[in-house]
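1. build the 3D model from these lines:
(one chain, ligands or ions: 1)
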Amino acid sequence: MPFMEWDASFELGVTEFDEHHKYLVYLLNLTFDGVTFGASHDELGAVIDELIKYTTYHFAAEEQWMTIHKYPGQSEHRKEHEKFCTRVAEIQKDFHQGNMNLGLEVVQFLNNWLSDHILKTDAQYGRFAKNHL
Ligand code: FEO
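-> So this is what the prediction gives:
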C-alpha cells in the first residue's frame, strides 16, 4: 500500500495539473519506499533530486497558467511555492553535503505540504477554472 494514496479529492479538473500532481505523489511514494527500505545515499539523492526538479517544473507551469488566465490569487500562490522551494533546497543541500539523513520526518513534511497545498491552494484555481474558463 502506498504511503500517500491518490483519490478523487485531489482532482482539480485541470487535466495537465492533475497529471503533474499524480506524478508528484508517485515520487513522494518512491521517497518513502527508499527511506523505509534502506536505499543507499546515492539512490535517495537521485529520488529527492527528481522530486525537487519536477516540483520546480510543475510550479513554473502552474504559474504560467495563472498568468495566462489572469488568475486573481496568483500572488499568494506564488509565495507558497517560493517558501516551499526555499525549504526543500535547504533539505537537498544538507542531504547532499552529508549534514542530514533523509528520514520519515522529511517524507512526512513533504506529504503534509503537498496534500495541504493541493487540497487548499491549488483547489482554489481549480474552482476558478470551473467557474470562469
Ligand atoms: Fe500544484 Fe501550486 O502546486
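2. hmm, who's touching stretch 65-72?
-> Contact partners of stretch 65-72, identified using CB atoms under 8 Å, 6 or more residues apart in numbering, comprise 14, 16-17, 73-74, 77-78, 125, 128-129, 132-133. Every residue, glycine included, has its C-beta placed from N, CA and C.
3. gap between the two ends of it?
-> Chord length of stretch 65-72, first to last residue, is 12 Å (CA to CA, to the nearest Å).
4. buried residues in it?
-> If you call a residue buried by 16 or more other CB atoms under 10 Å, then stretch 65-72 has these buried ones: 65-66, 71.
5. so it, near the ligand or not?
-> No. If you take CB under 6 Å from any ligand atom as the test, stretch 65-72 misses the ligand, and the best it gets is 8.9 Å.
6. gap between that stretch and the chain center?
-> For stretch 65-72, the distance between its averaged C-alpha position and the chain's averaged C-alpha position is 20 Å (CA atoms, centre = their mean, to the nearest Å).
7. repeat that for stretch 113-121.
-> For stretch 113-121, the distance to the chain centre is 9 Å (CA atoms, centre = their mean).
8. got the CA positions of it in CSV?
-> Listed next in CSV are the C-alpha coordinates belonging to stretch 113-121 (Å, rounded to 0.1, in the frame of the first residue of the first chain):
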residue,chain,number,x,y,z
TRP,A,113,2.8,20.2,2.5
LEU,A,114,1.8,18.6,-0.8
SER,A,115,-1.6,17.4,0.4
ASP,A,116,-2.4,20.7,2.1
HIS,A,117,-1.3,22.7,-0.9
ILE,A,118,-3.3,20.7,-3.5
LEU,A,119,-6.4,20.5,-1.3
LYS,A,120,-6.5,24.1,-0.3
THR,A,121,-4.4,26.4,-2.5
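9. thank you kindly, that will do.
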